[in-house]
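Enquirer: here you go, sequence then predicted model.
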Amino acid sequence: MYRSGLLILVAITSLAFAGSSFAQQKPPPAPENDPLYMRVVATPWPPAAQILDGAGHRHSAYELYVTNFGTTALKITKLEVNGKDGEDVVVTQSAIGKQLAAMFVPASGGDTSKPNDPSLTPGQTGVFFIFADWAPGQDDPDTFDTAITIEQHGERSGSGTIHASALEINSDDPIVIRSPLRGKNWLAANGPSNTSAHRRAMIPVNGPPHIGQRYAIDWIQLGGDGKSFTGDEHKNSSYHAWDQEIRAVADGKIVEVKDGIPENVPNRGKIAAPITYETLAGNHIIEELSEGYFAAYAHLRPGTLKVKSGDTVHAGDVLAHLGNTGNSSEPHLHFQVCDAPSFPASEGLPFAIDQFTFEDYKIDKAPKPALTVKASHPMTKQEPMADELDSF
């Protein structure tokens, strides 16, 4: 009540001076860092961050949703992250300019593959995608503190630094699984990074935002020429990944199965079935690994699914064959681990493959297309990162 009265008093005082020479003068600039003038909501998401191991580093991904509640446009000029272990800062990251623009996407839409101007008009919301990383020898943080610096000009507007609430970090190690695939030269397309399509696939479902694909991978198999197919690119059977066996990544229980969606013609720009909430993942299987951990396998070949809801499976069991169904342009396995039995209505969780081979590779386009593996490195308990080439 006392604060409401104070605001009313300010309004009455302003009216009392209306028409005076003082009222005609340009109002003084708002005080720097005055919360009364910086009408911005900054909220980190998801409720807790996770840590994964990949490419020899520790990583963590989360988002900062920013809404302009003021009456004038504003520009975010800096974002700073401090990962804290107790009171000690053990991880720092800051971004300005082009790097900051590359992290930002307006909630109303934007090209996620290109930098977006980190400005917000009144009532507009934007999302900053954050991907912190640090060396394995460093202490892990237990919270992330995130701050943004804003510039705002106009009546009753202000500039300064806004500190979001601290984001807790789940210190549990990523769940360890087997690979869902076998064979050589699997490319981790759209794998974990801050710019992959999976990382930025925010879908609001019944209110809250979700990124079930936060750490997802699209597995594509490459041939000796570095391409994913041999022959006619518009035939599914031309693709090295097509019809490959998909295996259970751990012991678990099947909780959802979808079959019967026809395959797309690859790289034609046409989808065989309209994309809806139900068809997005195409033919798919969701397996409960343990409480709060679900493995989701998408874009499976129709008629090849070997399990039904309620079945118990063991690590290595063949579940289905890989296809090209749902939101898919060519045969590939979309795989994610998430906290609920749904591709979109969940939060993506990191995982670690127990053992695989990391291929140090290059692809030559001339004089003749060729995939060359320069060296192979055994890996244990890591998640493949974006555009890694791995063998299982």
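Expert: Received, thanks.
Enquirer: in the protein, which residue is closest to the centre?
Expert: residue 199 (2.1 Å; CA atoms, centre = their mean).
Enquirer: how about the secondary structure of it?
Expert: With DSSP: H, G, I helix; E, B strand; the rest coil as the basis, the three-state label of residue 199 is coil.
Enquirer: can you check residue 386 too?
Expert: Secondary structure, three-state DSSP: residue 386 is coil.
Enquirer: which pLDDT value goes with residue 91?
Expert: Looking at residue 91, its pLDDT stands at 96.
Enquirer: correction: residue 324
Expert: Looking at residue 324, its pLDDT stands at 98.
Enquirer: excluding chain neighbours, what is closest to it?
Expert: What sits nearest to residue 324 in space, not counting adjacent residues and going by CB to CB, 6 or more residues apart in numbering, is residue 331, at 4.4 Å. Using the backbone N, CA and C atoms, a C-beta is placed for each residue, glycine as well.
Enquirer: distance of residue 162 from residue 40?
Expert: 5 Å (CB to CB, to the nearest Å).
Enquirer: ok, the two, which is more surrounded?
Expert: Between residue 162 and residue 40, counted using other CB atoms under 10 Å, the more crowded position is residue 40 (20 against 17).
Enquirer: was I right to think the more buried one contacts residue 68?
Expert: Yes. Shown here, residue 40 and residue 68 form a contact pair, counting by CB atoms under 8 Å, at 6.0 Å.
Enquirer: shared neighbours, these two?
Expert: Jointly contacting residue 40 and residue 68 under the rule CB atoms under 8 Å, 6 or more residues apart in numbering are residue 74.
Enquirer: any idea how far residue 120 lies from residue 146?
Expert: Following CB to CB, the distance that separates residue 120 from residue 146 is 16 Å.
Enquirer: in this structure, which helix or strand is least confident?
Expert: One helix or strand of the chain scores below all others by mean pLDDT, DSSP states H and E: helix 2-16, with a mean of 33.
Enquirer: next one: phi and psi at the residue nearest to the centre of the chain?
Expert: The phi and psi values for residue 199, taken as degrees, to the nearest 10, are phi -60, psi -30.
Enquirer: from residue 54, how far out is it?
Expert: Between residue 199 and residue 54 the computed distance is 13 Å (CB to CB).
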